[in-house]
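Student: Prediction below, plus the sequence it came from.
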Amino acid sequence: ILKSKRRENCAEMQNVVDFLNGALGVPVMPQRRVVVPQEFRRQFKVYSVACANNYKPNMEEGDKILLPSSAFHELGRMHIQYPMMFQVRNPKNDMKTHCGVMEFTAPEGNAYFPFWMMNELCLNNGEIVEIKNATLKKGTYVKFQPHKTKFTQLSNPRIVLEKALRAYSCLTKGGTITIKHGQQQFYLDIVETKPGNAITIIDTDVNVDFAPPKDYKEEKKTKPSSKPQLGDRKVEQAAEEEEPPVLQGWGSSSSNRGSSSSYFKKLTGGQTLSGRQPKKPVVSSLLRASASSKSRSSSSASSASSKKKSG
């Protein structure tokens, strides 16, 4: 009671001072309050979002979670950054990731996570998870590493990734995100993020880069040691089965590989590598011309000798 009376007296005195200053023409300087952001830190029992009463299939996509209404009222009384972002930690193994919030419709004391996020943190239904608010910088660069080469063989993987990232609010270095494209599901590791280990991708332009997939292997094949001979069919068939050395870049299809069978077929049958028939040698034509001239001269000499005998 005494404290409240003192506050009232102080307020009345301040009003009197402000009134006098205003009457005398003295400008009143407004007092600035330094707002210190408060921290939201609570523990919840985590469950898959498929257990929610208002479950929808799109809740599995992205990094949004469901929290109880009490968390909304507590956050509303705090001076925090919007949109709300949180750091999620598993107390058992100290694994962390970051996420946003979709709704405040979860039962009291519970939180609903997408299934891929529970796998990321090694969480099971009913286990305890710690959630606290976080302030993240806007991202400028992120590098992904797909788990499978099939993702890079899509018609345009960058567009597929761009559409999927619309459901995400933040990315954490060292984490793994899940992308659905039609009936296929792809996993991508977050290799690098800038300017920090955790960034927000809301209302910002992010440069995206890809690392070679985890299952990518450079295919190197050596040339056959023995050269095929035209007269040996066995060697020729073995040479046709061998392929020239191929180094296929990741993300390219197998249709770009060259085959050695057509290469060796061009060497047989008197054909050049261009597929054209070789020109007739000049020496043979000269020999044929000389032979024809000799035959002509011999025929003319025999005809002249026969005329002399007849004469």
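Tutor: Yep, it's here.
Student: which regions of the stretch 51-200 of the chain lie under the pLDDT threshold?
Tutor: For the stretch 51-200 of the chain, applying pLDDT under 70 flags no range at all.
Student: Swap in 80 and give it another go.
Tutor: Residue ranges of the stretch 51-200 of the chain with pLDDT under 80: 79, 81.
Student: Would you map the strands across it?
Tutor: Assigned strands in the stretch 51-200 of the chain, in chain order: 64-68, 85-89, 96-106, 110-113, 128-133, 137-138, 141-146, 170-172, 176-181, 184-194, 198-200 (criterion: DSSP state E, counting those that start in this stretch).
Student: which one of these lies closest to H79?
Tutor: strand 128-133 (10.6 Å; C-beta to C-beta). In this view, the C-beta of every residue, glycine as well, is placed from N, C-alpha and C.
Student: Could you export the closest one as PDB, CA atoms only?
Tutor: As requested, C-alpha coordinates have been extracted for strand 128-133 and formatted as PDB (Å, rounded to 0.1, in the frame of the first residue of the first chain):
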ATOM      1  CA  ILE A 128      10.500 -33.700 -23.600                       C
ATOM      2  CA  VAL A 129      11.800 -31.000 -25.800                       C
ATOM      3  CA  GLU A 130      13.100 -27.500 -24.900                       C
ATOM      4  CA  ILE A 131      11.900 -24.500 -27.000                       C
ATOM      5  CA  LYS A 132      13.200 -20.900 -26.700                       C
ATOM      6  CA  ASN A 133      12.800 -17.900 -28.900                       C
END
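Student: And it, what's buried?
Tutor: Buried residues in strand 128-133, counted by 16 or more other C-beta atoms under 10 Å: 129-131, 133.
Student: next one: stretch 203-217
Tutor: 206, 210, 213, 216.
Student: Quick one: end-to-end length of it, please.
Tutor: 37 Å (C-alpha to C-alpha, to the nearest Å).
Student: same question, stretch 46-60
Tutor: By C-alpha to C-alpha, the extent of stretch 46-60 from end to end equals 15 Å.
Student: with the buried residues of strand 128-133 in mind, which one is nearest to D94?
Tutor: Scanning the buried residues of strand 128-133 for proximity to D94, where the rule is C-beta to C-beta, the winner is E130, at 9.9 Å.
Student: and the closest residue to the closest one other than its chain neighbours, how many neighbours?
Tutor: Taking C-beta to C-beta, 6 or more residues apart in numbering as the measure, E130 lies nearest to R89, with 4.6 Å between them; neighbours along the chain are not counted. Residues lying near R89 (other C-beta atoms under 10 Å) number 18.
Student: Quick check: the gap between Y216 and F210.
Tutor: Here the criterion is C-beta to C-beta, to the nearest Å. By it, Y216 lies 11 Å from F210.
Student: for N53, same thing?
Tutor: Applying C-beta to C-beta, one obtains 39 Å for the distance of N53 from F210.
Student: and if you look at K163?
Tutor: Using C-beta to C-beta, we find K163 at a distance of 16 Å from F210.
Student: now E60
Tutor: 24 Å.
Student: Repeat that for T97.
Tutor: On the measure of C-beta to C-beta, T97 and F210 end up 21 Å apart.
Student: now N58
Tutor: 26 Å.
Student: Check Q183 too.
Tutor: For Q183, the distance to F210 equals 23 Å [C-beta to C-beta].
Student: now swap in D203 and tell me
Tutor: Distance of D203 to F210, given as C-beta to C-beta: 24 Å.
Student: Please apply the same query to I159.
Tutor: 13 Å.
Student: repeat for K96
Tutor: Counting by C-beta to C-beta, the gap from K96 to F210 is 25 Å.
Student: closest to K150 among the buried residues of strand 128-133?
Tutor: Sorting the buried residues of strand 128-133 by distance to K150 puts V129 at the head of the list, at 32.4 Å, by C-beta to C-beta.
Student: Could you give the bridge partners of that closest one?
Tutor: Beta-bridge partners recorded for V129 (DSSP bridges): F44.
Student: Help me confirm that it comes into contact with G109.
Tutor: No - under the contact definition of C-beta atoms under 8 Å, V129 does not touch G109, with a separation of 11.6 Å.
Student: Pull out the C-alpha coordinates of stretch 136-147 and format them as PDB.
Tutor: Backbone C-alpha positions of stretch 136-147 (Å, rounded to 0.1, in the frame of the first residue of the first chain) are rendered in PDB as follows:
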ATOM      1  CA  LEU A 136      18.300 -14.900 -36.600                       C
ATOM      2  CA  LYS A 137      19.900 -12.900 -39.300                       C
ATOM      3  CA  LYS A 138      18.700 -12.900 -42.900                       C
ATOM      4  CA  GLY A 139      20.500 -15.400 -45.000                       C
ATOM      5  CA  THR A 140      22.600 -14.600 -48.000                       C
ATOM      6  CA  TYR A 141      24.100 -18.000 -49.000                       C
ATOM      7  CA  VAL A 142      23.300 -21.600 -48.400                       C
ATOM      8  CA  LYS A 143      24.800 -24.800 -49.800                       C
ATOM      9  CA  PHE A 144      22.900 -28.100 -50.000                       C
ATOM     10  CA  GLN A 145      24.100 -31.700 -50.600                       C
ATOM     11  CA  PRO A 146      21.400 -34.100 -51.800                       C
ATOM     12  CA  HIS A 147      21.500 -37.600 -50.600                       C
END
